[in-house]
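[1] sequence plus predicted model, see below.
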Amino acid sequence: MKDVQERGAEEGTRFPGKTYAEVVLEPAYDQAKRELLDPMIAVNKAHLIMLYEQGLVAKRDAQAIARALLELNTEKLRSNRYTGRFEDLFFEAEHELLALAGEAAGNLHLARSRNDMGIAIYRLVLRGKLLATLNSALALQERLIGLARAHTDTLMIGYTHTQQAQPTTVAHYIAAVSDSLGRDIRRLRAAYANCNRSSLGAAALTTSGFAISRERTAELLGFDEVIANAYDAVSGADYVGEIAAAVSLAALNLGRFAQELLLWGTQEFSAVRVAAPYVQISSIMPQKRNPVSVEHVRSLLSSCAGDAATVLTMIHNTPFGDIVDTEDDLQPYAWRSLHSLEAVCRLLARIIETLEVNRDVLRKRAEASFATVTELADTLVRKEGLTFRTAHTVVAALVQKADAAGLTVRELTVEMLNEAALKVVGRPVGLSGDELGQALDPWHFVAVRSLPGGPNPQEVARALSVQAAGQAEAYEWTRSTRAALERKLKELDLILAEWLRS
């Protein structure tokens, strides 16, 4: 019994208990100082402006609160350590405002709750991080498009089931990576749209009996719209869940590409060479060029996906009406996932813009491969009127015989083709030696595949132009959106300063 009493004494006799403060409140306080203080002050400014414009706060009181908000020493707040005197940073900031403005500052919380305020602050933080991530993702896409444009005529073999499949080009492959990233960018933009909505005015969950303007606070803070239902405004968590899902998919997609870059960089593949600033030498093996930058890209993307998954898991076990308290623990995982994705995109963009592609190795590998024989089957369909399945069977018999004899694709002859045809269709085919050679030429294979989405250089160039236009539009949207938000937040100070001059 005595041990229990002694342990209880260590914890203290009032809120917050020592362990609760160490485990929950102090980490949340430190996170709030780094991420939430400026958005918190911005929300206070917007709410004050709205209250005054609605006639809910007298001019003298509004001026006193405005002066306090402009004079508040945020750097001092950031340097403070958690003591337990205040539950969290919100109450500490409120205390400082009361000290500066007197009793008038008490009206700043009129028609407002920690619930709607907290959600608004989180949305402000997330929209900023989303825009930063989008900016870096778009820069990466620009580098990918540039790499592809430089290699529309660089032959390579495409792989399925990890086996040589068909000839294509480096541009065709990289354009696919860029297309995938483009979808990730669109998902992040959609997540931004659902994030940039205002919860303010919802109060605890039922709005307020005071005649506030939810639309005005939304406008002042640069939100695109108001969340219609007040209960949804403080309880819904899909806005952060959508961000986590979009980030997770982007991390998975880029991780698959990073894994292939590592494979292509091996001596066995010799397809690409990572530039010197992004490789390290072995401590014991002088010949090694370890592509550690790409390895870190891969591992950081795994961490990114893990943090995003944690966000979704934490939402899953939270009751609908209680998301506010959970978000103190949940939001840092969303922040970290966005930070990781943004950082990886920046690093990968640098790796891509300095990447060397071994054109000769890739070309020779394509020319020596049986990967072209799909076109030989297609040629038999065009010139001999065979069904594709029959043509496929003829060519398969030809390849099997050549493989058994240890022959290369360049050693295939019309006589060997006719021998296979006799066994399958009972007659020789009419292909000449030149026609057989053309059908087995990887350049011809690529050139005739000019349908939308194909590897034909002109078609790839067209597709890259479409991608580039979309990238440019998205980049301009990101730039203009960031600039507009910065203007909105600066305008808050201008409005308050004008009050003090009047």
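    That came in fine, so what should we check first? Numbers count the residues shown, from 1 in each chain.
[2] so where do the helices sit in the stretch 101-250 of the chain?
    If DSSP state H, counting those that start in this stretch is used as the criterion, the helices of the stretch 101-250 of the chain fall at 114-149, 170-195, 214-220, 230-235, 238-264.
[3] pipe the ones you listed into TSV and attach distance to Thr162, mean neighbour count and mean pLDDT per row.
    Yep, even glycine has a C-beta here, placed from its N, CA and C like the rest. Formatted as TSV, the helices of the stretch 101-250 of the chain follow (distance: least, Cβ to Cβ, whole Å; neighbours: other Cβ atoms under 10 Å; pLDDT from 0 to 100):
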stretch	distance to Thr162	mean neighbour count	mean pLDDT
helix 114-149	23	23	97
helix 170-195	15	21	98
helix 214-220	52	21	98
helix 230-235	47	20	95
helix 238-264	9	21	97
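[4] state the mean pLDDT of stretch 393-413.
    On average, the pLDDT along stretch 393-413 is 95.
[5] so what's Val344 up against?
    Val344 makes contacts with Ala251, Leu254, Val297, Leu300, Leu301, Cys304, as judged by Cβ atoms under 8 Å, 6 or more residues apart in numbering.
[6] and Leu355, which of the helices of the stretch 101-250 of the chain is closest to it?
    Closest to Leu355 of the helices of the stretch 101-250 of the chain, according to Cβ to Cβ: helix 114-149, at 6.7 Å.
[7] mind showing which ranges of the chain have poor pLDDT?
    Low-confidence segments of the chain (pLDDT under 70): 1-9, 322.
[8] point to the residue nearest the middle of the protein.
    Nearest to the geometric centre of the chain sits Val247, at 4.3 Å (Cα atoms, centre = their mean).
[9] so how far is Asn253 from it?
    11 Å (Cβ to Cβ, to the nearest Å).
[10] and what of Ser208?
    Using Cβ to Cβ, Ser208 is found at 44 Å from Asn253.
[11] the residue nearest to the centre of the chain touches Ser337, doesn't it?
    Yes: counting by Cβ atoms under 8 Å, Ser337 is a contact partner of Val247 at 4.8 Å.
[12] mutual contacts of these two, please.
    Cys304, Ala305, Ala308.
[13] in the helix or strand hosting Ile351, what counts as buried?
    Element membership for Ile351 (DSSP states H and E) is helix 323-353. Using 16 or more other Cβ atoms under 10 Å as the test for burial, helix 323-353 gives 323-324, 327-328, 330-352.
[14] count the neighbours of Ala463 for me.
    As a burial measure, Ala463 scores 21 neighbours (other Cβ atoms under 10 Å).
[15] ah, wrong one, I meant Gly55
    Gly55 has 9 neighbours, counted by other Cβ under 10 Å.
[16] got it, and Ser198?
    Neighbour number of Ser198 under other Cβ under 10 Å is 28.
[17] do the same with Lys490
    9.
[18] where does it fall, helix, sheet strand or coil?
    Assigned with DSSP: H, G, I helix; E, B strand; the rest coil, Lys490 falls in the helix class.
[19] what of Met285?
    coil.
[20] got the phi/psi numbers for it?
    phi -110, psi 100 (degrees, to the nearest 10).
[21] what's the neighbour count on it?
    8.
[22] and it, how far is that from Leu181?
    Using Cβ to Cβ, which is the criterion applied here, Met285 is 35 Å from Leu181.
[23] picking that back up, between helix 170-195 and the helix holding Ile351, find me the angle.
    Calculated by axes from the mean of the first three to the mean of the last three Cα atoms, to 10 degrees, helix 323-353 forms an angle of 160 degrees with helix 170-195.
[24] so which elements touch the helix or strand just after helix 323-353?
    Later in the chain than helix 323-353, the nearest helix or strand by DSSP H and E is strand 356-357. Here strand 356-357 touches strand 272-273, going by 3 or more Cβ pairs under 8 Å, 6 or more residues apart in numbering; DSSP states H and E.
[25] now the helix or strand following the strand it packs on, how far from the chain's geometric center?
    Going down the chain from strand 272-273, the next helix or strand is helix 292-316, by DSSP H and E. Here helix 292-316 is found 11 Å from its chain centre; the criterion is Cα atoms, centre = their mean, to the nearest Å.
[26] what angle do helix 292-316 and helix 238-264 make?
    150 degrees.
[27] go through helix 292-316 and flag the buried ones.
    Buried, per 16+ other Cβ under 10 Å, within helix 292-316: 293-294, 297-298, 300-301, 304-305, 307-312, 314-315.
[28] and for stretch 63-76?
    Gln63, Ala64, Ile65, Ala66, Arg67, Ala68, Leu69, Leu70, Leu72.
[29] in which helix or strand would I find the fifth one?
    In this case it means Arg67. Using DSSP H and E, the element containing Arg67 is helix 59-71.
[30] closest to Glu356 out of the shared contacts of Val247 and Ser337?
    Within the shared contacts of Val247 and Ser337, proximity to Glu356 (Cβ to Cβ) peaks at Cys304, which comes in at 27.2 Å.
[31] how much space between the closest one and Arg256?
    In terms of Cβ to Cβ, Cys304 sits 14 Å off from Arg256.
[32] over to Ala377?
    30 Å.
[33] so what's Ile121 up against?
    Leu36, Pro39, Met40, Val43.
[34] skipping its backbone neighbours, what lies nearest it in space?
    Pro39 (4.5 Å; Cβ to Cβ, 6 or more residues apart in numbering).
[35] what about the one you found, helix or strand, and which?
    Here Pro39 is assigned to helix 37-53, by DSSP H and E.
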